[in-house]
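Novice: model the following, please.
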Amino acid sequence: MDRASNPTCRVVKPDATYDGKQGLSYFQGIATETVGSKGICMHLLTIPPGVKAKAHLHESHETAIYMLSGSAHTWYGDRLENHVVLHAGELMYIPAGVPHLPANLSSTPCTAVIARTDPNEQESVVLLPELDGLVEIPT
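Specialist: Next up is the predicted model:
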């Protein structure tokens, strides 16, 4: 029997990674690709110091982030005109369709748990290269 006709609980060890369209490497977690989930995905993400993602949005899917360690800057909005800093122990919500670009401006890695209402790892990611140059990371 397949998972759809015989659902069961599954444990995923985040020891494998995949490279996301956003330019970051994610630890595999809960997704259609790993456990057959139908309405959610959840991953761990560690952003190395001085690294920024590519500007993107998630079509029709919400995102929730819990910062485990470190801090990350996120620019968001139609022209990335808004800015927040998410610190360890804080949560962030990103509505569906909102352009955003996270970055780690610190000298240490930051790690977060990321959950989306899209059960696929990368299906709803839309890159926005026209926005990438709006955020410069100091060196």
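Novice: so what's the closest residue to residue 32 other than its chain neighbours up against?
Specialist: Nearest residue to residue 32, sequence neighbours excluded (Cβ to Cβ, 6 or more residues apart in numbering): residue 119, at 4.5 Å. Placement of C-beta: from N, CA and C, glycine included. Going by Cβ atoms under 8 Å, 6 or more residues apart in numbering, residue 119 touches 31-32, 37-41.
Novice: what of residue 91?
Specialist: Taking Cβ under 8 Å, 6+ apart, we find residue 91 in contact with 64-67.
Novice: partner residues bridging it?
Specialist: On the basis of DSSP bridges, residue 91 is bridged to residue 66.
Novice: which stretches of this structure form strands?
Specialist: Along the chain, counting by DSSP state E, strands occupy 17-19, 25-30, 41-47, 56-58, 63-69, 71-76, 82-87, 91-94, 100-103, 110-116, 125-127.
Novice: closest one to residue 11 among the ones you listed?
Specialist: With Cβ to Cβ, the closest approach to residue 11 among the strands of the chain belongs to strand 25-30: 10.1 Å.
Novice: number of nearby residues for residue 112?
Specialist: Counted by other Cβ atoms under 10 Å, the residues lying close to residue 112 total 23.
Novice: that should have said residue 38, apologies.
Specialist: 10.
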